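Chemist: Task: produce atomic coordinates for the following.
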Amino acid sequence: LSKLLQEFVRRSMPAQQPSAEVVLTAAGYRLMCPSTYTNGLAWWGKDAWYGYKDEEVWLHGGFMDGVRTQVNFYPKWSAGFVILCNGEGVTANPTTYAAVEARLRAEMLTLVEKRSQSQRQTTNS
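Modeler: Residues are numbered from 1 along each chain as shown. Down below sits the predicted model:
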């Protein structure tokens, strides 16, 4: 699974070369996550009930008694995060879960901005 996720992220970045052991081809990535953010293969985009209509983000997740998971992936920033929750009942508390997701997204955007600033400074040096 780790190798698949690494290759998934690598395929979203145009400058990256595939590793010697190809787990996910570029064509496979484009099928899974089209640039339109619609009709994703096993990923929720702008057209999915779970997706966000106004964001360029791919989501995947699920739940069962006591556990809820979600992956948010933002290809344009080559960034994302994973939420793993324990909770009673079918899902973790939705209000708490939404707050965690919002906080992680804000922190991710801060890190993306810091990375961009660092890259600009390196380019200008």
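Chemist: May I have the secondary structure class of the residue nearest the centre of the chain?
Modeler: The centre of the chain sits closest to Phe73, judged by Cα atoms, centre = their mean, with a distance of 1.2 Å. Classification of Phe73 by DSSP: H, G, I helix; E, B strand; the rest coil places it in strand.
Chemist: Met108 and Ala102: what is the separation?
Modeler: To Ala102, Met108 is 11 Å away according to Cβ to Cβ, to the nearest Å. Where C-beta positions appear, they are placed from N, C-alpha and C, glycine not excepted.
Chemist: coming back round to it: nearest spatial neighbour of the residue nearest to the centre of the chain, skipping sequence neighbours?
Modeler: Using Cβ to Cβ, 6 or more residues apart in numbering and skipping residues adjacent in sequence, the residue nearest Phe73 is Gly80, 3.9 Å away.
Chemist: what's the burial count for that neighbour?
Modeler: By other Cβ atoms under 10 Å, 20 other residues sit near Gly80.
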